[in-house]
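Peer 1: heads up, no residue letters with this:
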């Protein structure tokens, strides 16, 4: 469901009394906005909810990464066996945290954002950026001692979109969202990328925002930002309206392989 009300979306901030230094317009036809935590905010937030030794240099987020004509390419290295509690995906080369060291914006105009892909389309393993480990690797979520997998939604297999997070964002568990009446889920802001390409885990994809949907998950606010890869063939045709999405992105045109 897409917002048509023009209500202000107040995504969770690190400090309620600190004026946001940047905001993101999610739906151009309304006043819907989302305040996103900056890198410095995240560093202060980090010390509040976990102890983590920072292993990367602040020099890794240079402004040269921002221009679309020179988007930085990231490589990953996998450690441990997939579908195990030991499995981790690190960003290789320089020491890079996908939470702190990949810029939120991918262009100078701040109209294109970087998305870190945690879960590729058509896969089931519930992966997420780890907030409590050095360099914030991607790992499989564990609940009640068991690895998490999402159920299939017939006739599709696993996630029907590429799923991930915006770097340098965080939903504050101490902030009561006025739209949902619930506090944040203590995670980076989630992104659904609905383009045609099946991304790979650890990909950094440049996306444009189309809208948002708010979920309440076990009493916590969990915003999902709906977006599309700027290089998708239909990206230019999508103008952030529900009719555009229904016309261009019908799920029947993008069916998953048959379930085994």
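Peer 2: Done, it's in. All values derive from a computational prediction rather than experimental measurement.

Peer 1: switch to C-alpha atoms for all contacts and neighbour counts from now on
Peer 2: Noted.

Peer 1: show me where the stretch 1-150 of the chain has its strands.
Peer 2: 23-25, 33-35, 76-79, 88-91, 113-119, 127-129, 138-140, 142-143, 146-147 (DSSP state E, counting those that start in this stretch).

Peer 1: can you redo those as a markdown table with distance to residue 175?
Peer 2: Below are the strands of the stretch 1-150 of the chain laid out as a markdown table (distance: least, Cα to Cα, whole Å):
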| stretch | distance to residue 175 |
| --- | --- |
| strand 23-25 | 17 |
| strand 33-35 | 13 |
| strand 76-79 | 33 |
| strand 88-91 | 30 |
| strand 113-119 | 24 |
| strand 127-129 | 21 |
| strand 138-140 | 25 |
| strand 142-143 | 24 |
| strand 146-147 | 29 |
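
Peer 1: need the ones you listed in CSV (columns: distance to residue 179 and mean neighbour count).
Peer 2: Below are the strands of the stretch 1-150 of the chain laid out as CSV (distance: least, Cα to Cα, whole Å; neighbours: other Cα atoms under 10 Å):
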stretch, distance to residue 179, mean neighbour count
strand 23-25, 17, 16
strand 33-35, 12, 19
strand 76-79, 37, 14
strand 88-91, 34, 21
strand 113-119, 24, 27
strand 127-129, 25, 25
strand 138-140, 30, 25
strand 142-143, 27, 11
strand 146-147, 31, 13
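
Peer 1: lowest average confidence across those, which one?
Peer 2: Of all the strands of the stretch 1-150 of the chain, mean pLDDT reaches its minimum on strand 23-25 (a mean of 31).

Peer 1: so which residues make contact with stretch 181-188?
Peer 2: Contacts with stretch 181-188, where a contact means Cα atoms under 8 Å, 6 or more residues apart in numbering, come from 12, 99, 131, 165-177, 216, 219-222.

Peer 1: go again using 7 Å as the cut-off
Peer 2: Outside stretch 181-188, the residues within contact range by Cα atoms under 7 Å, 6 or more residues apart in numbering are 12, 165-166, 169-177, 219-222.

Peer 1: show me the shaky parts of this protein.
Peer 2: Across the chain, the ranges flagged by pLDDT under 70 are 1-70, 93, 240-241, 248-260.
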